[in-house]
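Peer 1: Mind folding the following:
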Amino acid sequence: MLGEDIIKPMLPIEEYFGKLELVYSFYGAMPTGVSVSETGRIFICFPKWGDDVRFTVAEIVGDTLQPYPSMETNLVNPWNITMSFISVQSVIADGRGTLW
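Peer 2: You can find the predicted model right below:
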């Protein structure tokens, strides 16, 4: 009678809802972080791990990547590194208007 009285657990059934939408296609540098703000703005980060990275934090605006908050912030300033993004690996929009 081994195995006859074993009750197999019920696994959850996948439920699909909504439709997938392609927002942006990435070619080249590898993004590691994506975050969407409460207003729908999409932020991406690209750490400088050897890829050709023009800016380390960007926002998708229309069909382009724009440096966020500016190109100057994304350029390492050796005279004032406290005002520069150096190699951002993650971005988080907190739902209250702040991008961390």
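Peer 1: Please report phi then psi for residue 83.
Peer 2: Note on residue 83: its backbone torsions stand at phi -110, psi 20 [degrees, to the nearest 10].
Peer 1: Tell me, how many residues neighbour the residue nearest to it when sequence neighbours are not counted?
Peer 2: The shortest distance from residue 83 to any non-neighbouring residue, by Cβ to Cβ, 6 or more residues apart in numbering, is to residue 77 (5.9 Å). Every residue, glycine included, has its C-beta placed from N, CA and C. The local packing of residue 77 (other Cβ atoms under 10 Å) involves 12 other residues.
Peer 1: What of the one 5 residues further on?
Peer 2: For residue 82, the number of neighbouring residues by other Cβ under 10 Å comes to 5.
Peer 1: hang on, it in a helix?
Peer 2: Yes: assignment of residue 82 by DSSP: H, G, I helix; E, B strand; the rest coil places it within a helix.
Peer 1: picking that back up, in what helix or strand does the residue nearest to residue 83 lie?
Peer 2: Using DSSP states H and E, residue 77 falls within no helix or strand.
Peer 1: That one contacts residue 71, doesn't it?
Peer 2: No: look at residue 77 against residue 71 with Cβ atoms under 8 Å: they stay out of range, at 11.8 Å.
Peer 1: Which stretches in this structure count as strands?
Peer 2: Counting by DSSP state E, the chain has strands at residues 33-36, 42-45, 57-61, 64-67.
Peer 1: any idea which of those strands is most buried?
Peer 2: Using mean count of other Cβ atoms under 10 Å, the stretch among the strands of the chain with the greatest mean number of neighbours is strand 42-45 (a mean of 20).
Peer 1: what's next to that one, contact-wise?
Peer 2: 23-24, 31-37, 56-60, 65, 68, 88-91, 93, 99 (Cβ atoms under 8 Å, 6 or more residues apart in numbering).
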